[in-house]
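Asker: sharing a sequence plus its predicted fold:
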Amino acid sequence: MPGVIVHEWIEESGGAEKVLDSFGKIFPDAPIFCLWSDAQERYAPGRVQQSWLARTALRRSKAAALPFMPFTWRRASAGIDPEWVLVSSHLFAHHVSFPRASKHTPKLVYAHTPARYIWNPELDGRGNSIAARIASPVLKKVDRSRIKEATSVAANSKFIANRIRNTWEREAQVIYPPVDVEAIQSVDDWSQNLTQEEFEILHQLPSDFILGASRLVPYKKMDDVINVGDAIKLPVVIVGEGPERSRLQALADKAKVPVYFLGRVSNPLLYTLYERTQLFVFPPVEDFGIVPVEAMAAGAPVLANRVGGASESVLESVTGSLTSFEDMSETVKNAGKAMACQAFESRRRAQMFSEREFVTEINKWVSFHTTGADLIAR
């Protein structure tokens, strides 16, 4: 049979799922193996094979399923006899082992990050639990041992390649993940694609505003978006939902500028907001940061955290600016530099992170590490 694509679990949406979608298109004959899938209609019937965890209540709680994952990955589907294995990993998927595969079968690991709750608990609340702290020393040893089985490792940014070097003690090739740049840039004015209801929402917003878009969870630091708006005296528009909504709303009520919470929005409305915003603000420390590249694809200037993957896509004083978000006077200065950038520069820069570029680099990588050139999609 051809190779097999391996993914942790399949959700309805997410950056890792965009990588998986691209893998699936590049290698259309490769089956997909995962722990479970919450997006049954995403792929052709029969293409996705799930582990035993999919048939249990454990699939409803990643925390509860975690202790069973390393063992499960070592007993992957016995019905799969792959010529090569391509893994999308952000937890334990790189531990995968197929009983019928040869020990010489190439295993290529595309790493979104080593498991944060083990290696960087300060970035993942799960790592602060008593159970995680007790288990981490053993899991670190096992995790580092399993990654040695990989024929090659690719990272989604230089930031993550450095984390891989420090944790897994492996060198990783950098292949940036795919962003929907072509789709965003295929429309000149996304407001023409809005529904009447969405157009009315847009009409109620001020003509000048700064924008933040994210799940409303603590590490996304969306309060910094409100703080920047307050400091530069521009209204704030926030897209997204999550458990931080009420806290952020309370902060917004004290702000000196209007703050608009739109919740979840359609892609056409989000892309319209990218096109119209004076500044897209991206405070979190992310592994790569797909959203700021989307914003640049639509021409928005970006103010991003100088730590993390976004620092590799945003060009200082060309497509935006980088800042710490800790010194507000510095942040205000950098926001001004970002807003002076030209939209055409942002659009051009974003093209370097398109799906077309990703497909080219993945094909080169897999081709180099597999023996049969005919296995690679053309």
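Answerer: Perfect, I can see it now. Numbering: from 1, shown residues only.
Asker: so L20 touches I5, yeah?
Answerer: Yes. The pair L20 and I5 qualifies as a contact (CB atoms under 8 Å) at a distance of 7.1 Å. Bear in mind the C-beta positions are built from the backbone N, C-alpha and C, glycine included.
Asker: so what sits against both of those two?
Answerer: When contacts are counted by CB atoms under 8 Å, 6 or more residues apart in numbering, L20 and I5 have I32, S88 as shared neighbours.
Asker: who's in contact with the helix or strand L270 falls within?
Answerer: Here L270, judged by DSSP states H and E, is contained in helix 267-276. Outside helix 267-276, the residues that touch it by CB under 8 Å, 6+ apart are 184, 187, 189-191, 193-194, 198, 201-202, 207, 209, 211, 213, 237, 239, 262, 265, 280, 294-295, 297-300.
Asker: with only the CA atoms kept, save the helix or strand following it in PDB.
Answerer: Proceeding C-terminally, helix 267-276 gives way to strand 279-282 as the next helix or strand, assigned by DSSP H and E. C-alpha atoms of strand 279-282 as PDB (Å, rounded to 0.1, in the frame of the first residue of the first chain):
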ATOM      1  CA  LEU A 279      -4.100  47.600  12.800                       C
ATOM      2  CA  PHE A 280      -4.400  43.900  13.500                       C
ATOM      3  CA  VAL A 281      -3.000  43.200  17.000                       C
ATOM      4  CA  PHE A 282      -1.600  39.800  17.800                       C
END
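Asker: show me what strand 279-282 is packed up against.
Answerer: If you count contacts as 3 or more CB pairs under 8 Å, 6 or more residues apart in numbering; DSSP states H and E, strand 279-282 packs onto strand 210-213, helix 223-232, helix 290-297, strand 302-305, helix 328-339.
Asker: show me what counts as buried in the last one.
Answerer: So the one you mean is helix 328-339. The neighbour-count check on helix 328-339 (16 or more other CB atoms under 10 Å) flags M328, T331, N334, A335, K337, A338, M339 as buried.
Asker: any chance you could list what contacts that helix?
Answerer: The contact list for helix 328-339 (CB under 8 Å, 6+ apart) reads 227-228, 231-232, 278-279, 281, 301-303, 316-317, 320-325.
Asker: quick one: buried ones out of those?
Answerer: By 16+ other CB under 10 Å, those give 227-228, 232, 278-279, 281, 301-303, 320-323, 325 as buried.
Asker: so can I have TSV of those showing distance to Q49 and pLDDT?
Answerer: Output for the buried ones among the contacts of helix 328-339, formatted as TSV (distance: CB to CB, whole Å; pLDDT from 0 to 100):
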residue	distance to Q49	pLDDT
N227	47	97
V228	46	98
I232	51	97
Q278	48	98
L279	45	98
V281	41	98
P301	44	98
V302	39	98
L303	43	98
G320	42	98
S321	46	98
L322	43	98
T323	45	97
F325	43	95
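Asker: out of those residues, flag the one nearest to Y110.
Answerer: V302 (24.9 Å; CB to CB).
Asker: leaving out chain neighbours, which residue sits closest to the closest one?
Answerer: Leaving aside its sequence neighbours, V302 sits nearest to G320 (CB to CB, 6 or more residues apart in numbering; 3.6 Å).
Asker: pretty sure that neighbour contacts A310?
Answerer: No. Between G320 and A310 there is no contact under CB under 8 Å: 9.2 Å.
Asker: any residues in contact with both of these two?
Answerer: Counting by CB under 8 Å, 6+ apart, the shared contacts of G320 and A310 are P292, V302, A304.
Asker: helix/strand/coil for V153?
Answerer: With DSSP: H, G, I helix; E, B strand; the rest coil as the basis, the three-state label of V153 is strand.
Asker: what about it, neighbour count?
Answerer: Per other CB atoms under 10 Å, the neighbour tally for V153 reads 21.
Asker: pLDDT at it, what is it?
Answerer: V153 is assigned a predicted lDDT (pLDDT) of 98.
Asker: I'd say it and I164 touch.
Answerer: Yes. V153 lies in contact with I164 (CB under 8 Å); the separation is 6.4 Å.
Asker: need the contact list for the closest residue to V228 other than its chain neighbours.
Answerer: Leaving out its chain neighbours, the residue that sits closest to V228 by CB to CB, 6+ apart is V281, at 5.3 Å. Applying CB under 8 Å, 6+ apart to V281 gives the contacts I210, L211, G212, D224, V225, V228, G229, V302, L303, A335.
Asker: please name the nearest non-neighbouring residue to the residue sitting furthest away from the middle of the chain.
Answerer: Checked against the mean C-alpha position of the chain, the extreme residue using CA atoms, centre = their mean is K256, at a distance of 32.6 Å. Counting by CB to CB, 6+ apart, K256 lies nearest to D230, which is 5.4 Å off, once chain neighbours are set aside.
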